[in-house]
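> structure of the sequence below:
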Amino acid sequence: MYKELKKFKVTNQFLFTKDDSLEEVCNASEGSGVFLVYSVGDEKELIMVGSTGTVQNDGTLKIKNGGLKDKIVEGHQFAKTGRKYSWPAQMKIEDISIIEVVWYETFNDKTKIIPTFVEGQVLQNFFDENERLPKWNVAF
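From the prediction side, this is the model:
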């Protein structure tokens, strides 16, 4: 686990296989924060980092309906379609049996840390260790 994530109290995780319904297994909250996606096999590999929620200049949070849950399930990746469709297809292409999604609320009533800041920290640490981004992150 990345040290930046240890301070967040509202967090959970779920496992997903290409035969599951992402809508059904996703237990993410409707809050704002970051999510990390791991390929689970012989070794656990971080393959993606994402976030949702934008802090405005007056300190308020702008969040799309559904928060983390909606971003994980409906967010576009690999195609112009939601992850509920693109993740199983990509898992089949890459022969990934199980992914684990770990999510953290970084901005709520008790904690006020900008989601994209935390996403950037985790990605920077990954980059420092691997000299590249996780394979499902196209750019940052």
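
> which residue lies farthest from the center of the protein?
In the chain, counting by C-alpha atoms, centre = their mean, residue 58 sits farthest out from the average C-alpha position, at 25.9 Å.

> which strand or helix spans residue 68?
Assigned by DSSP states H and E, residue 68 falls within helix 67-74.

> cool, residue 116 as well?
Residue 116 belongs to helix 115-130 when elements are defined using DSSP H and E.

> returning to that earlier point: now the helix or strand following the helix holding residue 68: average pLDDT?
Using DSSP H and E, the helix or strand that directly follows helix 67-74 along the chain is helix 83-94. Averaging pLDDT along helix 83-94 yields 94.

> give the buried residues for helix 83-94.
Of the residues in helix 83-94, 83-84, 86-88, 90-91 count as buried by neighbour count, 16 or more other C-beta atoms under 10 Å. For the C-beta atoms, the positions are set from N, CA and C on the backbone; glycine is no exception.

> what does that helix contact?
16-19, 21-23, 39, 72-79, 96-97, 99, 136 (C-beta atoms under 8 Å, 6 or more residues apart in numbering).

> in whichever helix or strand comes after that helix, which residues are buried?
Counting by DSSP H and E, the next helix or strand C-terminal to helix 83-94 is strand 98-107. Using 16+ other C-beta under 10 Å as the test for burial, strand 98-107 gives 99, 101-107.

> CSV for those residues, including pLDDT and distance to residue 6?
CSV is the format used below for the buried residues of strand 98-107 (pLDDT from 0 to 100; distance: C-beta to C-beta, whole Å):
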residue, pLDDT, distance to residue 6
99, 97, 22
101, 97, 18
102, 96, 12
103, 97, 14
104, 96, 10
105, 95, 14
106, 94, 12
107, 93, 16
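
> specify the local secondary structure of residue 65.
At residue 65 the chain is in coil, as set by DSSP: H, G, I helix; E, B strand; the rest coil.
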